[in-house]
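# Sharing a sequence plus its predicted fold:
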Amino acid sequence: MQKIFEFITNKAHWLLLIFFEVVAFALLFNGNIYHRFINLTYSNYIVGSFLQVSGDLTSYIKLRQKNEALLEQNARLESKYLSLKQQVEHAAADTIIPFAFVTDSLIAPTPLEYITARVISSSINKTHNLLVIDKGERSGVQKDMGVMSAHGVVGIVSSVSQNYSVIVPLINPTIKLSCKLQNTGHFGYLSWNDPGKSITRLTDLPNHVSYKSGDTIVTSGYSSVFPPNLFVGTVGAESQTSDGIALSSSYIPVVLGTDFATLDFVYVISGGVVLPQRELDSLLTPRDL
């Protein structure tokens with residue numbers, strides 16, 4: 001207590017000066033219209049600047065939530081688009097070959113649905129690359145579901161826990177995906193075996209197929225994992241060409257549409273599987289005569 005009195009006694013002249021300055025400014029700004037206007041102007045500027053900074057900070061904090069909401073909306077729109085496309089293709093097929101095949105009216109194509117997920121771990125420079133996403137069985141993800149990004153096919157779900165899933169991407173030699181040239185409809189098998197590169201190979205194409213650099217590669221639909229015509233990539237510039245037309249070779253280099261080095265959000269295809277793969281395999285397995 002004594003120290004407080006000593007401080008007040010020693011600094012009394014400064015405290016008195018501050019008191020009189022506060023009184024003087026109060027009289028100045030409250031008694032003069034011009035100075036009152038100046039005071040309000042600067043007060044508004046300071047308060048406005050503070051509110052703007054606060055608003056910008058709040059918007060930045062909510063930016064991730066808005067981004068995720070936009071991605072989910074994009075997934076829903078993509079689902080509607082592919083579903084409508086499926087219906088149009090089935091309707092067109094029915095009108096072209098009405099007597100060649102009798103469609104079972106009880107079996108209808110399942111509408112495509114997507115589960116938005118975030119990539120939380122990935123490897124891109126190893127021989128057997130893997131991705132981990134933040135969605136699992138609790139969100140509806142199951143083993144052998146297809147996975148896409150906004151730029152093309154990503155891979156296939158290989159294992160699932162309650163809240164996480166492991167994806168085998170196209171840059172893994174264990175995947176062999178059925179794809180086709182969009183321009184000609186000829187299909188082959190896409191595989192990868194070049195660590196550190198995003199260029200894959202499309203093999204098993206007929207020798208007479210003509211293609212050129214930049215041609216689009218899409219899924220063939222000969223799989224229960226991916227529906228047809230999903231973007232995979234483009235024919236690479238490494239292919240041998242003559243007058244712009246590629247020469248026949250053992251494979252076509254394909255530049256993948258998905259950039260795995262910057263991959264952030266993906267879409268797990270949770271609907272649209274027409275026939276389970278095991279049932280399809282059993283139909284294709286040769287039987288003893």
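Everything's here; your move.
# I figured residue 268 hits residue 117, correct?
Yes: between residue 268 and residue 117 a contact is recorded at 5.9 Å, counting by Cβ atoms under 8 Å. To be clear about C-beta, it is placed using only N, CA and C from the backbone, and glycine gets the same treatment.
# Residue 163 and residue 119: what is the separation?
Separation of residue 163 from residue 119 (Cβ to Cβ, to the nearest Å): 14 Å.
# Please say which of these two ends up with more neighbours.
residue 119 (20 against 13; other Cβ atoms under 10 Å).
# Could you look up the SS state of residue 75?
Under DSSP: H, G, I helix; E, B strand; the rest coil, the three-state class of residue 75 is helix.
# Same question for the one 5 residues further on.
Secondary structure state of residue 80, per three-state DSSP, is helix.
# if we can go back for a sec, list the residues that contact both of residue 268 and residue 117?
Here residue 268 and residue 117 share the contacting residues 133, 135, 141, 165, scored by Cβ atoms under 8 Å, 6 or more residues apart in numbering.
# Could you identify the most distant pair in those?
133 and 141 (7.8 Å; Cβ to Cβ).
# Without its sequence neighbours, what residue ends up closest to residue 76?
residue 114 (7.4 Å; Cβ to Cβ, 6 or more residues apart in numbering).
# residues contacting the one you found?
Counting by Cβ under 8 Å, 6+ apart, residue 114 touches 75-76, 78-79, 148, 267-270.
# now those: which count as buried?
75, 79, 148, 267-270 (16 or more other Cβ atoms under 10 Å).
# and the least confident of those residues?
Lowest in pLDDT among the buried ones among the contacts of residue 114 is residue 79, which has 68.
# quick one: buried residues of the host helix or strand of residue 217?
Using DSSP states H and E, the element containing residue 217 is strand 216-219. Across strand 216-219, burial judged by 16+ other Cβ under 10 Å covers 217-219.
# Same question for stretch 121-130.
Within stretch 121-130, the residues scored as buried using 16+ other Cβ under 10 Å are 122, 124, 129-130.
# end to end, how far does it reach?
Start to finish, the residues bounding stretch 121-130 are 8 Å apart (Cα to Cα, to the nearest Å).
# Let me know the distance separating residue 122 from residue 259.
Per Cβ to Cβ, residue 122 is found 11 Å from residue 259.
# can you check residue 123 too?
15 Å.
# Helix, strand, or coil at residue 147?
Put simply, residue 147 is strand when judged by three-state DSSP.
# So what sits opposite it in the bridge?
Beta bridges link residue 147 to residue 155, residue 268, judged by DSSP bridges.
# any idea how the chain splits into domains?
Domain ranges of the chain: 1-30, 114-271, per the TED database.
# Out of those, which gets nearest to residue 71?
Nearest to residue 71, of those and by Cβ to Cβ, is domain 114-271 at 5.1 Å.
# If anything else comes up later, I'll come back, but that's it for now.
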